[in-house]
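below is the structure, and that's it, no one-letter string:
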């Protein structure tokens with residue numbers, strides 16, 4: 001059953017979403033919290049429904065407040081700029097996508113929790129004019145994507161599985177809005193893109209062929225919360241509090257996704273409307289806290305991130321990686337907090 005606290009948060013959010021979204025207090029003093037004190041944690045995020053669900057449910061439902069935490073949330077447009085801010089010291093925690101397997105591999109942060117699997121968010125499409133109906137037929141084609149992103153990872157996985165190399169296709173590097181626009185106007189044969197840009201394809205080029213998604217390729221794409229090295233190493237109590245708040249929010253989301261959507265979709269309404277928010281979140285696979293605990297303990301999470309890291313390296317988006325997933329993915333705090 002959905003928590004009464006989340007139900008109340010949904011009602012308040014519906015009545016005053018703009019006012020709540022604008023509220024953020026000044027940074028408090030650093031350090032752990034004692035009873036009655038509140039510490040501000042500076043959090044950067046990418047405004048996508050697949051990334052921010054637990055963050056804003058925890059905020060609106062008061063789960064951060066339960067831990068003596070007030071978040072100061074700042075939106076970023078790319079995982080690269082977010083990671084740079086985290087490394088530069090202007091953030092304590094970054095809520096990011098696939099770059100969770102990139103910058104931390106170079107010693108820039110520790111992942112403290114994963115959010116979900118982005119099973120259908122990243123997709124490969126072909127134009128009707130190209131005549132392409134399968135990934136194997138991409139040889140000799142032009143493919144638009146945004147280099148170094150999760151959609152680029154999916155493209156590489158698809159090519160590998162089809163027995164193709166990048167030398168056999170022409171990859172056109174564009175920002176994602178341009179990827180979608182170029183595809184629907186016939187400027188390329190194919191595109192590897194992420195939702196909600198798939199809606200632009202289905203609305204403007206309904207005859208286009210969906211060749212594959214991450215789920216079809218059995219390709220793990222995950223994002224999560226990454227703590228800066230300083231925060232992770234020096235603020236253990238706050239790290240545990242952030243994870244505990246995530247778990248409380250995740251329980252609400254799993255128990256009643258519709259009520260959770262009422263809470264977190266308004267927080268990103270400047271970036272996407274409610275229908276887009278719902279559609280985007282529906283393209284993820286969520287897990288209960290108990291399922292996550294098993295995935296951390298049996299090595300599945302490390303395997304997912306390892307696959308992502310190796311693909312980043314393969315496409316040249318990750319150079320100089322000094323660490324392996326077991327060095328920068330915290331697989332114990334989640335389980336320890338859940339068992340408390």
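That came through fine. These numbers come from a predicted model, not from an experiment.

helix or strand right after the helix or strand containing residue 238?
Here residue 238 sits within helix 236-255, counting by DSSP states H and E. Sequence-wise, the next helix or strand downstream of helix 236-255 (DSSP H and E) is helix 257-264.

what residues of that next one count as buried?
For helix 257-264, burial by neighbour count (16 or more other CB atoms under 10 Å) applies to 257, 259, 260, 261, 262, 263, 264. Every C-beta, even on glycine, is put in place using the N, C-alpha and C of the backbone.

determine the angle, from 0 to 180 degrees, between the helix or strand following that helix and helix 236-255.
With elements assigned by DSSP H and E, the helix or strand that comes after helix 257-264 is helix 274-282. Angle of helix 274-282 versus helix 236-255, following axes from the mean of the first three to the mean of the last three CA atoms, to 10 degrees, is 110 degrees.

so the helix or strand that comes right after helix 274-282 versus helix 236-255, what angle?
Downstream of helix 274-282, the first helix or strand assigned by DSSP H and E is helix 289-297. Here the directions of helix 289-297 and helix 236-255 differ by 130 degrees (the same axes, to 10 degrees).

separation between residue 38 and residue 71?
According to CB to CB, to the nearest Å, residue 38 stands 11 Å off from residue 71.

so between those two, which is more surrounded?
Counted by other CB atoms under 10 Å, residue 38 and residue 71 do not tie: residue 71 has more neighbours, with 22 against 15.

let me know the angle separating the strand or helix carrying that one from helix 236-255.
Under the criterion of DSSP H and E, residue 71 resides in strand 69-75. Angle of strand 69-75 versus helix 236-255, following the same axes, to 10 degrees, is 70 degrees.

chain center to the helix holding residue 238: distance?
Distance of helix 236-255 from its chain centroid, counting by CA atoms, centre = their mean, to the nearest Å, is 16 Å.

avg pLDDT for that helix?
For helix 236-255, mean pLDDT rounds to 98.

give me the number of residues near residue 336?
Other residues near residue 336 come to 12 when the count uses other CB under 10 Å.

re earlier: return the list of strands paired to the strand holding residue 71, each annotated with direction.
Strand pairing for strand 69-75, using DSSP bridges, gives strand 39-45 (parallel).

the helix or strand following the strand it pairs with: how far from the chain's middle?
Later in the chain than strand 39-45, the nearest helix or strand by DSSP H and E is helix 49-60. Put simply, helix 49-60 sits 11 Å off its chain's centre (CA atoms, centre = their mean).
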